[in-house]
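**Student:** sequence and predicted structure are below.
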Amino acid sequence: MSSPTLSPVKLTLFIANKNYSSWSFRPWIAMKQKEIPFTEHFLQFDEATGHAHFIEFSPTKKVPALRIEREGEEMVTICESLAILEVVADLFPDANLWPKNIIDRAKARAFAAEMHGGFFGLRGSCPMNMRREIKALDLDPYSAGAVVKNVERIEQIWTECLEASGGPFLFGEFGAVDAMYAPVINRFEKYALSDRAVFQRYHDAMKSLPAWKEWEAAALKEPWIVEEDEA
Ligand SMILES: N[C@@H](CCC(=O)N[C@@H](CS)C(=O)NCC(=O)O)C(=O)O
């Protein structure tokens with residue numbers, strides 16, 4: 001287990017449905033896999049109100065959000081998955097969430113930022129869905145083209161990183177950048193987006209993680225259906 005730089009610190013991670021919430025999955029899998037102690041606060045999506053109840057813990061009304069409590073200090077809430085990964089990396093440097101080498105760290109951050117702010121075609125057409133049966137989508141040519149472009153770029157990133165590091169994760173050891181790409185592994189699999197060896201290799205590494213298995217098992221037990229995410 002990693003120890004925090006600021007002590008004592010209490011972390012609460014607000015997340016939503018494990019079947020669908022790809023943004024929740026990112027910090028959750030990183031924190032679980034790195035054995036960073038946190039309390040999980042689960043809230044269901046509520047399409048009817050536009051998730052109005054999310055305002056109770058997050059000014060953005062979005063998950064994930066990380067509440068940080070320290071004795072004698074004002075409680076703070078950090079939104080945005082990438083910012084959550086960054087603060088957790090600062091709090092728990094022993095967890096090695098980012099590569100130690102400066103250039104590798106810069107590349108890992110660039111690839112994480114690319115995921116955080118891009119790949120809209122893939123993310124829009126192929127929502128993360130842990131329960132979905134493996135089945136290709138019949139998309140219109142414009143959407144299909146956008147998905148293919150995203151898939152090609154993601155596989156280029158994976159190839160470059162895995163060739164340089166030797167794997168099993170993008171920079172060798174599992175880290176924040178892998179957490180950012182974890183939901184994409186589900187999308188590639190469930191929408192039959194790739195038969196390339198680089199995908200299979202990274203998929204196998206990611207799905208062998210105990211944290212992945214724990215999230216997936218919980219997702220499969222969830223009874224709720226979010227229609228807009230059932231592509
Ligand atoms: N950029 C944000 C995206 C967060 C996000 O869109 N979360 C979704 C769930 S996966 C959400 O809370 N949606 C509720 C809404 O948009 O009202 C992040 O990185 O955390």
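**Tutor:** Sure, I can see it.

**Student:** find the nearest non-adjacent residue to Phe38, please.
**Tutor:** Leu11 (4.0 Å; C-beta to C-beta, 6 or more residues apart in numbering). Every C-beta, even on glycine, is put in place using the N, C-alpha and C of the backbone.

**Student:** local confidence estimate at that neighbour?
**Tutor:** Per-residue pLDDT puts Leu11 at 97.

**Student:** can you check Met1 too?
**Tutor:** On the pLDDT scale, Met1 is placed at 67.

**Student:** go on, Pro59?
**Tutor:** Note on Pro59: pLDDT of 90.

**Student:** which strand or helix spans the residue nearest the centre of the chain?
**Tutor:** The residue lying closest to the centre of the chain (C-alpha atoms, centre = their mean) is Arg26, at 2.2 Å. Applying DSSP states H and E as the criterion places Arg26 in helix 22-33.

**Student:** output the contacting helices and strands for that helix.
**Tutor:** Applying 3 or more C-beta pairs under 8 Å, 6 or more residues apart in numbering; DSSP states H and E, we find helix 22-33 packed against strand 9-15, helix 81-91, helix 176-190, helix 210-221.

**Student:** reformat those as JSON lines; add distance to the ligand and mean neighbour count.
**Tutor:** Listed next are the helices and strands packed on helix 22-33 as JSON lines, based on distance: least, C-beta to the nearest ligand atom, whole Å; neighbours: other C-beta atoms under 10 Å:
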{"stretch": "strand 9-15", "distance to the ligand": "9", "mean neighbour count": "19"}
{"stretch": "helix 81-91", "distance to the ligand": "4", "mean neighbour count": "20"}
{"stretch": "helix 176-190", "distance to the ligand": "9", "mean neighbour count": "25"}
{"stretch": "helix 210-221", "distance to the ligand": "13", "mean neighbour count": "15"}
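
**Student:** TSV for these, including distance to Ala197?
**Tutor:** Formatted as TSV, the helices and strands packed on helix 22-33 follow (distance: least, C-beta to C-beta, whole Å):
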stretch	distance to Ala197
strand 9-15	32
helix 81-91	28
helix 176-190	13
helix 210-221	20
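
**Student:** so what does the closest residue to Phe119 other than its chain neighbours look like in phi/psi?
**Tutor:** Distances taken as C-beta to C-beta, 6+ apart put Asn150 closest to Phe119, at 4.6 Å, once the chain neighbours are dropped. Main-chain torsions, Asn150, degrees, to the nearest 10: phi -60, psi -40.

**Student:** for Glu152, same thing?
**Tutor:** Dihedral pair for Glu152: phi -60, psi -40, per degrees, to the nearest 10.

**Student:** ok, now which ones touch it?
**Tutor:** Under the criterion of C-beta atoms under 8 Å, 6 or more residues apart in numbering, Glu152 has no neighbours.

**Student:** cheers, nothing more for now.
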